[in-house]
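Peer 1: Okay, sequence plus prediction incoming.
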Amino acid sequence: MESFTHNNMHYQYPSGASVLGLMQDFVFKETGLSRKLQTFVPESPKLAFFPNLERPTYIHRDPHDLDLELRNKWGETGDAKAFRADESKIINFIQSGYKAGRTPSIDEANSKLGKNMVDLWIKGDARSLMDHYFESDYSKIYMAMTVTESGPVSLSDKYSAFTIPIMDSGSVLTDIMDLFTKEYGISLSLYLKSIWS
């Protein structure tokens, strides 16, 4: 594990790639992997840097703290808390289907989430999703980064909004670094990337 200090705060980060990033928590537990791995949760928030800004923005896990940070650093007047709350509803829907071994359908999503949520978060485009919750271009760019990192999909494409919760629905430990125990005879740092920031 690597580390650095910024603004009198110590940050730890992994130097390796993820191999568990999309594994469901129930798979992690039921396969016994949870008994074979030690987990570590960094206390510090993620840092987001933009070239034309002097200081980084702290991407807090707590939605209230995130909302304040985006407001103070990026002039955000939208609602990061509402974005995270609604994203959680979509993720819970996705994960319940994973656990049941059931392929999700639009009809089931409409029934459980409501047509407005489905139109915005599942059938909708990521650009409209960002415009719904955020005003600041910095917030929109950061929050939509998952879509552009996931493949050659335009933020304006239908269903591109669904990339955000789908990519976040699988992390075993959401934004956590894991270390293989010596039982396996190896020591690897793993980073489990998630949109939950």
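Peer 2: Received, thanks.

Peer 1: So which elements touch the longest helix along the chain?
Peer 2: When the chain is parsed with DSSP state H, its longest helix is helix 80-100. If you count contacts as 3 or more Cβ pairs under 8 Å, 6 or more residues apart in numbering; DSSP states H and E, helix 80-100 packs onto helix 25-30, helix 63-74, helix 106-113, helix 115-117, helix 126-133, helix 163-168. Heads up, the C-betas are built off the backbone N, CA and C, glycines and all.

Peer 1: remind me which residues of this protein are low pLDDT?
Peer 2: Low-confidence segments of the chain (pLDDT under 70): 1, 12-24, 37-43, 170-197.

Peer 1: re the thing from before, run the angle between the longest helix of the chain and helix 106-113 for me.
Peer 2: For helix 80-100 against helix 106-113, the angle by axes from the mean of the first three to the mean of the last three Cα atoms, to 10 degrees is 130 degrees.

Peer 1: now helix 80-100, how far from the chain's geometric center?
Peer 2: Helix 80-100 sits 11 Å away from the centroid of its parent chain (Cα atoms, centre = their mean, to the nearest Å).

Peer 1: List the buried residues of that helix.
Peer 2: 80-81, 83-84, 86-87, 90-91, 93-95, 97-98 (16 or more other Cβ atoms under 10 Å).

Peer 1: need those residues in a markdown table with distance to Ser44, can you?
Peer 2: A markdown table is the format used below for the buried residues of helix 80-100 (distance: Cβ to Cβ, whole Å):
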| residue | distance to Ser44 |
| --- | --- |
| Ala80 | 18 |
| Lys81 | 21 |
| Phe83 | 22 |
| Arg84 | 19 |
| Asp86 | 26 |
| Glu87 | 22 |
| Ile90 | 27 |
| Ile91 | 23 |
| Phe93 | 30 |
| Ile94 | 28 |
| Gln95 | 26 |
| Gly97 | 33 |
| Tyr98 | 30 |
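
Peer 1: between the helices and strands packed on helix 80-100, which one is nearest to Ala144?
Peer 2: For the helices and strands packed on helix 80-100, the distance to Ala144 is smallest for helix 126-133, at 5.1 Å, taking Cβ to Cβ.

Peer 1: which other helices and strands contact the closest one?
Peer 2: Right, helix 126-133 is packed against helix 80-100, helix 137-150, helix 163-168 by 3+ Cβ pairs under 8 Å, 6+ apart.

Peer 1: Report the buried residues of it.
Peer 2: Buried residues in helix 126-133 (16+ other Cβ under 10 Å): 126-127, 129-130, 132-133.

Peer 1: With just CA atoms, put that helix into CSV.
Peer 2: Extracted C-alpha coordinates of helix 126-133, given in CSV (Å, rounded to 0.1, in the frame of the first residue of the first chain):
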residue,chain,number,x,y,z
ALA,A,126,-26.6,10.1,-18.4
ARG,A,127,-26.5,13.7,-19.5
SER,A,128,-30.2,14.2,-18.5
LEU,A,129,-29.5,12.4,-15.3
MET,A,130,-26.7,14.7,-14.4
ASP,A,131,-28.8,17.8,-15.4
HIS,A,132,-31.6,16.6,-13.1
TYR,A,133,-29.4,16.6,-10.0
